[in-house]
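Q: dropping a prediction and its sequence here:
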Amino acid sequence: MATNIILLGPPGAGKGTQAARLQALRGMIQLSTGDMLRAAVAAGTPVGLKAKAVMARGELVSDAIVSALIGERLDDAAGAGAIFDGFPRTRHQAEALEILLAERGRKLDHVIELAVDEEALVRRIIGRFTCAHCGAPYHDEYKPTKRPGVCDICGSTEFKRRPDDNEQTVRTRMAEYRAKTEPILPIYEEKGLLRRVDGMAPVETVAAQIDGILDGTQ
Ligand SMILES: [Zn+2]
């Protein structure tokens, strides 16, 4: 049976990891608005052409276009279900999603928020770095190299950090996330669909909790 969920969480909460896992293990399809928009424009679908014209004028893509786009892809996700990512963002979009699903005899099953503690998230993100040679991942606090400045795996002394892994960027993204999700949380809280999972817990713990929600054991 198809399970349709909305997965919420700020960048760095582990949403991508969990969505990839649900796709691989359950065959669910992740419907991320940004990715879909780019794909539809590239493929030149009717909705894609419309969106392209709007974006070319420097305007924001309307709710109607986003909804049409979701409709185009929903049929692909008929089997195991869909993971909505970045949609809905407004009450109006939430209503549109309900209609799109109802038209197909389907419904939204859960809204799962990967909740994060902002301070902990900042520490998690700004501390991470990788070996410039072999790509081994490290963290200043949680996983330093055994010998300072030397990669445990390959012995390289060069490391790199992603330029957007800085405190200001993390806080800006967090504020954007709050602005975008706050309007929709009450809608799903009222419907009893909202579930919160501790996004700061280890990846396996988060995965087990999501599985429990999807399988109705939690
Ligand atoms: Zn290395």
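A: Cool, the structure landed.
Q: hang on, A42 packs against K52?
A: No. Counting by CB atoms under 8 Å, A42 sits too far from K52 to count as a contact (9.4 Å). C-beta: built from backbone N, CA, C; applies to glycine.
Q: out of those two, which sits in the busier spot?
A: Neighbour totals were compared for A42 and K52, and K52 leads with 16 against 10 (other CB atoms under 10 Å).
Q: and the more buried one, backbone torsions?
A: Per-residue torsions, K52: phi -60, psi -40 (degrees, to the nearest 10).
Q: and it, how close does it get to the ion?
A: From K52 across to the ion, the span is 42 Å (CB to the ion, to the nearest Å).
Q: and the closest residue to that residue other than its chain neighbours, how many neighbours?
A: Leaving aside its sequence neighbours, K52 sits nearest to V41 (CB to CB, 6 or more residues apart in numbering; 4.8 Å). Counted with other CB under 10 Å, residues neighbouring V41 total 20.
Q: next one, pLDDT for V41 please.
A: Note for V41: predicted pLDDT of 88.
Q: okay, it and G34: tell me how far apart.
A: V41 sits 11 Å away from G34, going by CB to CB, to the nearest Å.
Q: residue ranges of the helices in the protein, please?
A: 15-26, 33-43, 46-56, 63-74, 91-103, 118-126, 167-181, 185-190, 203-214 (DSSP state H).
Q: got the residues of this protein near the ion?
A: Listed as neighbours of the ion in the chain under the rule CB under 5 Å from the ion: C131, H133, C134, A136, C151, I153, C154, S156.
Q: show me what contacts the nearest residue to Q23 once chain neighbours are set aside?
A: Nearest non-adjacent residue to Q23, counting by CB to CB, 6+ apart: Q30, 5.8 Å away. Neighbouring residues of Q30 by CB atoms under 8 Å, 6 or more residues apart in numbering: A19, A20, L22, Q23, A82, I83, D85.
Q: show me which of these are buried.
A: Neighbour-count burial (16 or more other CB atoms under 10 Å) is assigned, among the contacts of Q30, to A19, L22, A82, I83, D85.
Q: which one among the residues you listed gets closest to the ion?
A: The nearest member of the buried ones among the contacts of Q30 to the ion, counting by CB to the ion, is A19 at 28.4 Å.
Q: of all the contacts of Q30, which two lie farthest apart?
A: Pairwise distances across the contacts of Q30 peak at 14.5 Å for A20 and A82 (criterion: CB to CB).
Q: send the alpha carbons of stretch 184-200 over as PDB?
A: What follows is stretch 184-200, C-alpha atoms only, in PDB (Å, rounded to 0.1, in the frame of the first residue of the first chain):
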ATOM      1  CA  ILE A 184       2.100  24.600   7.700                       C
ATOM      2  CA  LEU A 185       2.800  22.900  11.000                       C
ATOM      3  CA  PRO A 186      -0.400  23.900  12.700                       C
ATOM      4  CA  ILE A 187      -2.500  22.500   9.800                       C
ATOM      5  CA  TYR A 188      -1.000  19.100  10.300                       C
ATOM      6  CA  GLU A 189      -1.000  19.300  14.100                       C
ATOM      7  CA  GLU A 190      -4.700  19.900  13.900                       C
ATOM      8  CA  LYS A 191      -5.200  16.900  11.700                       C
ATOM      9  CA  GLY A 192      -3.100  14.700  14.100                       C
ATOM     10  CA  LEU A 193      -0.600  13.900  11.400                       C
ATOM     11  CA  LEU A 194       2.400  15.700  12.800                       C
ATOM     12  CA  ARG A 195       5.100  13.500  14.300                       C
ATOM     13  CA  ARG A 196       8.400  14.800  15.600                       C
ATOM     14  CA  VAL A 197      11.600  12.800  15.500                       C
ATOM     15  CA  ASP A 198      14.900  13.900  17.200                       C
ATOM     16  CA  GLY A 199      17.000  14.800  14.200                       C
ATOM     17  CA  MET A 200      20.100  15.100  16.400                       C
END
